[in-house]
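[1] What follows is a predicted protein model with its sequence.
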Amino acid sequence: MVAEDTRYRVLLVEDNKLDQMAFTRFVNSRKLPYDYIVAGSVSEAQHILGSAQFDIVISDYSLGDGTALNILESVKNVPVIVITGAGDEEVVTSAWKAGAHDYLPKDLERNYLKAIPRTIENAIKHKNMEEALDRKQKNLEAIFDATPVGMLLADENMNITHVNHAIRQMVRRGDPEIVDQQIGNALGCVNCMCGGRQCGHGPACAACVFRGTVKGVLDSGQSVHDVEIHSTFGIDGKETPLWVRMSAEPVIIDGHRYVVAAVDDITERRKAEQKLQLVEDRYRTIFENSAVAITMADEQERLISWNRFTETLLGMSREDLYLRPVESLYTVEEWKRIRACNVRQKGMQHHLETRMTRKDGRVIDVDISLSVLKNSGGKATGSIGVIRDISERKQAELKQAKLLKEVENVNQELNDFASIVSHDLKAPLRGVKTLANWILTDYSDKLDENGTEQINLLSSQVDWMYQLIDGVLEYSRVGRVKEEKVWVNLNELIPKIVEMVSPPENIAITVKSDLPVVMCEQTRITQVFQNLLSNAIKYMNKPQGRVEVGCVEQEGFWKFSVADNGPGIDEKYFDKIFKIFQTLSPRDKSESTGVGLTIIKKIVELYGGRIWLESKVGEGSTFFFTLPKQETLMSEPKLEVQMAC
């Protein structure tokens, strides 16, 4: 059939008027898409061919001033259909040899005209194929010498007529040693194997695979591709083993049969493939011996590949798993949850924790990483799943959650206990304090100086005990009672703390450097600075006291300091002062409970820092503590605060 929009330019060479008229009537009656011109002789046809182009030429064999053979000589790259009324086999043969595409014998009823449309179609198709092949041949000729792949041309006697530079380089031979030689001899092949068949060892081996390949192409007229040959070549006087890949195409050049062969040295590729195979074997070993299950599913979500651990994890055999729907490995609820993720449609990697069902019905907790496989068109073709058994981890998490709940309950009980104890202990103390005050008031005239002193000592001990209970309660709350973490600008907080501690006029508190903004519980950071500043003020023994607050950066931390010029602390007490209830002054001469520094240490360590001091007796003390910088920001404005009260 001819496409509706395709028209062919046809030249009819016919000296018989009736045949001319019959062709015209046939084309018009069939409404054939031919734009045709009629020539009545060879000379007229040659003249027309010199000025016009045609898709097809239809020529009677016998013409007044010549034959169709003359037309064939004048036509280049245009199919010629020969019409003959003689029916002579010699005529047909001569037409074929001259290059005619086809011939049609004339009959009395001119039924041969009915065969013309199909013959034209076949001829033009054949021409297009020949043109494509011709373009291919021309392209090969254009790149013949420049191509990095070895190219050679062998004639119908299987002698080499032409080779390119790559061939000469491969076998280290010049044209005189190659041209007019049988292909195996020309390449210097002394031993080769192809498909397990090994040829004889010699320059004129009758079983030469190279020669056999070329002969097969010549005999069949069919091309061969990618024949891989392992051969030993005589190169520079040495026998050198090479892997080559040979492809061969039959061609007609000047009416003679030839074979164009590409001989590519693939030795390095084969070595690389061997290395790749080793790598693949290693990865296959890793795949098979992996301690996690690895599965591959096709586009229908059926298992097509898995490693041994998958069988162990699910308690299933190869027969159980092959082409098994992935859905059957999950509970109904879990599969609905997985499908809701819509991994294949979204085309992404996905990670989830779910539950799978073993062959024995036991449900196990697993962690799955899913990756979608897609083709070049973006269509999902399958998926890969990496599955880890997390049953033990889940059990540990349940135990941990249970323990955390128990700890939470214990903390709550401790909190309640501390509050109750605080209340129950403070009530009697308040009673003792009140009774002592009443005794001093009601019996002041009856108490001598020694009695009054003892009542006052009792009252001060009650006050100390009251503070001690408050300290214990506060210490127990650190780390248990949580408040929201906020960004705290210490440049703004420190002046407020200074106001709270109310230093006397002879003590000056100075902020010497810019302080950072820290993410913390504001109450806790306030406790730290308030306790340190209060201690510096409380134990100051100089007429003009100085307290300095500073901060420097140090390896991922902020290092804060609170320094004073007070009495100083002996090095042997550096550890003692951070322990609860430990003070350096006698109990009856100090208002300290020994809890403040313990609370500071606990707060700082909860934030991932540490606290220490440097001190010399008589010169003063510097308390240092650090906070991680991950949760801090430096404030923008730099300011220096000087406060003296």
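    Looks like it arrived, so ask away.
[2] so where's the stretch 501-645 of the chain shaky on pLDDT?
    Along the stretch 501-645 of the chain, the parts satisfying pLDDT under 70 run over 580-594, 630-645.
[3] can you give me the helices in the stretch 301-450 of the chain?
    308-314, 318-321, 332-341, 343-346, 391-442, 449-477 (DSSP state H, counting those that start in this stretch).
[4] Could you tell me the least trusted of the ones you listed?
    Between the helices of the stretch 301-450 of the chain, the one with the least mean pLDDT is helix 343-346; it has a mean of 58.
[5] so how far is stretch 223-242 off the chain centroid?
    Its chain's average C-alpha position is 40 Å from that of stretch 223-242, according to CA atoms, centre = their mean, to the nearest Å.
[6] Any buried residues in that stretch, and which?
    Within stretch 223-242, the residues that count as buried by 16 or more other CB atoms under 10 Å are 224, 227, 229-234, 240, 242. Backbone N, C-alpha and C define where each C-beta goes, glycine included.
[7] mind giving me TSV with those and columns for distance to V263 and secondary structure?
    Shown next, in TSV, are these (distance: CB to CB, whole Å; DSSP: H, G, I helix; E, B strand; the rest coil):
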residue	distance to V263	secondary structure
V224	12	strand
V227	10	strand
I229	9	strand
H230	13	strand
S231	10	strand
T232	15	strand
F233	11	strand
G234	16	strand
T240	15	strand
L242	10	strand
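[8] Would you tell me which one of those residues comes nearest to M129?
    Closest approach between the buried residues of stretch 223-242 and M129, by CB to CB: V224, at 18.8 Å.
[9] give me every residue that touches the closest one.
    Contacts for V224 (CB atoms under 8 Å, 6 or more residues apart in numbering) come out as 213, 216-217, 246-248.
[10] repeat for T526
    Applying CB under 8 Å, 6+ apart to T526 gives the contacts 493, 497.
[11] Send over the helix or strand containing it as CSV, restricted to the C-alpha atoms.
    Using DSSP states H and E, T526 maps to helix 522-538. Extracted in CSV, the C-alpha atoms of helix 522-538 (Å, rounded to 0.1, in the frame of the first residue of the first chain):
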residue,chain,number,x,y,z
GLN,A,522,16.4,30.9,83.3
THR,A,523,15.8,29.9,87.0
ARG,A,524,18.7,27.5,87.0
ILE,A,525,21.3,29.8,85.4
THR,A,526,20.1,32.5,87.8
GLN,A,527,20.7,30.1,90.7
VAL,A,528,24.3,29.5,89.5
PHE,A,529,25.3,33.2,89.3
GLN,A,530,23.3,34.2,92.4
ASN,A,531,25.0,31.5,94.6
LEU,A,532,28.5,32.4,93.3
LEU,A,533,28.0,36.2,93.8
SER,A,534,26.3,35.7,97.2
ASN,A,535,29.2,33.6,98.4
ALA,A,536,31.7,36.2,97.2
ILE,A,537,29.8,38.9,99.1
LYS,A,538,29.1,36.8,102.2
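[12] biggest separation within the contacts of V224, which pair?
    The two members of the contacts of V224 with the most space between them (CB to CB) are G216 and S247, at 12.6 Å.
[13] and the gap between E273 and A262?
    The gap separating E273 from A262 is 19 Å, by CB to CB, to the nearest Å.
[14] Among the two, which residue is more densely surrounded?
    A262 (21 against 13; other CB atoms under 10 Å).
[15] Not counting its neighbours along the chain, what's nearest the more buried one?
    With sequence-adjacent residues excluded and distances taken as CB to CB, 6 or more residues apart in numbering, A262 is closest to S247, at 4.7 Å.
[16] State the number of residues packed around that neighbour.
    17.
[17] mind listing what it touches?
    Counting by CB under 8 Å, 6+ apart, S247 touches 223-227, 261-262.
[18] Quick check: which element contains it?
    Per DSSP H and E: S247 is located in strand 238-253.
[19] Give the buried residues for the helix or strand that that strand is followed by.
    Downstream of strand 238-253, the first helix or strand assigned by DSSP H and E is strand 256-265. In terms of neighbour count (16+ other CB under 10 Å), strand 256-265 has its buried residues at 257-265.
[20] Same check on stretch 78-93?
    Neighbour-count burial for stretch 78-93 flags 78-85, 91-92 (criterion: 16+ other CB under 10 Å).
[21] Same question for stretch 500-511.
    Residues 501, 503, 507, 509-511 are the ones in stretch 500-511 that count as buried (16+ other CB under 10 Å).
[22] With stretch 6-21 instead?
    Neighbour counts using 16+ other CB under 10 Å place 8, 10-16, 19-20 of stretch 6-21 among the buried residues.
[23] out of the residues you listed, who's nearest L447?
    L447 lies nearest to Y8 out of the buried residues of stretch 6-21, by CB to CB, at 141.1 Å.
[24] Correct me if wrong: that closest one contacts Y34.
    Yes - applying CB atoms under 8 Å as the test, Y8 and Y34 come out as touching, 5.4 Å apart.
[25] would you list every one of the strands in the stretch 151-300 of the chain?
    Ranges of strands within the stretch 151-300 of the chain are 160-163, 189-194, 197-198, 224-235, 238-253, 256-265, 293-298, based on DSSP state E, counting those that start in this stretch.
[26] Any idea which of those strands gets closest to G378?
    G378 lies closest, by CB to CB, to one member of the strands of the stretch 151-300 of the chain: strand 293-298, at 17.1 Å.
[27] Show me what the closest one packs onto, helices and strands only.
    The contact analysis (3 or more CB pairs under 8 Å, 6 or more residues apart in numbering; DSSP states H and E) places strand 293-298 against strand 303-306, helix 308-314, strand 380-389.
[28] what are the pairing partners of the last one, and which direction each?
    For strand 380-389, the paired strands and their directions (DSSP bridges) read strand 293-298 (antiparallel), strand 363-374 (antiparallel).
[29] what's it in contact with?
    Strand 380-389 is contacted from outside by 292-299, 301, 304, 310, 313, 343-345, 347, 356, 364-375, using CB under 8 Å, 6+ apart.
[30] Just the buried ones out of these, please.
    Buried members of the contacts of strand 380-389, counted by 16+ other CB under 10 Å: 292-295, 297, 310, 313, 343-344, 356, 364-368, 370, 372.
[31] So I235 versus L187, what's the distance?
    The gap separating I235 from L187 is 10 Å, by CB to CB.
[32] now S328
    Taken as CB to CB, the span from S328 to L187 is 59 Å.
[33] neighbour-wise, which of those two wins?
    More crowded of S328 and L187, by other CB under 10 Å: L187, with 29 against 11.
[34] Just put the strands of the stretch 151-300 of the chain in a markdown table and tack on mean pLDDT and distance to I286.
    Output for the strands of the stretch 151-300 of the chain, formatted as a markdown table (pLDDT from 0 to 100; distance: least, CB to CB, whole Å):
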| stretch | mean pLDDT | distance to I286 |
| --- | --- | --- |
| strand 160-163 | 88 | 46 |
| strand 189-194 | 65 | 33 |
| strand 197-198 | 48 | 37 |
| strand 224-235 | 85 | 30 |
| strand 238-253 | 88 | 29 |
| strand 256-265 | 89 | 33 |
| strand 293-298 | 88 | 10 |
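[35] out of those, nearest to R282?
    Closest among those, once you apply CB to CB, is strand 293-298, at 15.1 Å.
[36] Grab the CA positions of the closest one and hand them over as CSV.
    The C-alpha trace of strand 293-298 is given here as CSV (Å, rounded to 0.1, in the frame of the first residue of the first chain):
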residue,chain,number,x,y,z
ALA,A,293,17.7,-9.1,55.1
ILE,A,294,18.0,-7.7,51.6
THR,A,295,15.1,-8.3,49.1
MET,A,296,14.2,-7.2,45.6
ALA,A,297,10.6,-7.1,44.3
ASP,A,298,9.4,-6.7,40.7
